[in-house]
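[1] Test case, fold it:
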Amino acid sequence: MRLKHPLCGIFTFVQYGHFHFPQAEAIGKSVQDFMESLTIDRIYDYMYHLIVEYAELLDFKPVRPVSALEECVESLYCFADQNQVQFLARSATSPSQTPPCKLAAQANRKIDKMIEEKKKIIDSTQLLM
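    Prediction:
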């Protein structure tokens, strides 16, 4: 959706859903099935790959300041109230038993092709406005 006219874009998508109900319903069902199939490990894999791709865009090398101190998890509990302690305990994670998945070059090409197709669809719907 273009940010230039976001309401017009939403209106176009709603109209598409009304006029193409079976297709819109199939899209919704496939998204729902995909969301149900996600696991937290796959989400972390995605986040890892996103961060790695972003890091490749950076043109500087981070350097740890001399004054930086390393904190351990237990030190966070010293300053936390009871609610914060409970939250920290619930949100604690441990390293994954498996390394992050690697995207094959073929998968990257497929993803690029899907992105291009999506751009074409969005551009063609913009022409309808």
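
[2] which intervals of the chain have sub-threshold pLDDT?
    Filtered on pLDDT under 70, the chain yields the residue ranges 1-9, 103-104, 107, 128-129.

[3] Just the buried positions in the longest helix along it, please.
    Criterion DSSP state H: the longest helix present in the chain is helix 105-127. Of the residues in helix 105-127, those with enough neighbours to count as buried (16 or more other C-beta atoms under 10 Å) are Thr125. Every C-beta, even on glycine, is put in place using the N, C-alpha and C of the backbone.

[4] And Ser67, its phi and psi?
    Dihedral pair for Ser67: phi -80, psi 0, per degrees, to the nearest 10.

[5] Next, count neighbours for it.
    5 (other C-beta atoms under 10 Å).

[6] Kindly report the same for the one 10 residues further on.
    Applying other C-beta under 10 Å, we find 12 residues neighbouring Tyr77.

[7] Thr98 too?
    The tally of other residues near Thr98 (other C-beta under 10 Å) stands at 8.

[8] related to what we said a few turns ago, for the longest helix of the chain, name the packing helices and strands.
    helix 6-19 (3 or more C-beta pairs under 8 Å, 6 or more residues apart in numbering; DSSP states H and E).

[9] Helix 105-127 and the helix it packs on, what's the angle between them?
    Interaxial angle of helix 6-19 relative to helix 105-127 (axes from the mean of the first three to the mean of the last three C-alpha atoms, to 10 degrees): 100 degrees.

[10] distance between helix 6-19 and the chain's centre?
    Its chain's C-alpha centre and that of helix 6-19 lie 24 Å apart, by C-alpha atoms, centre = their mean, to the nearest Å.
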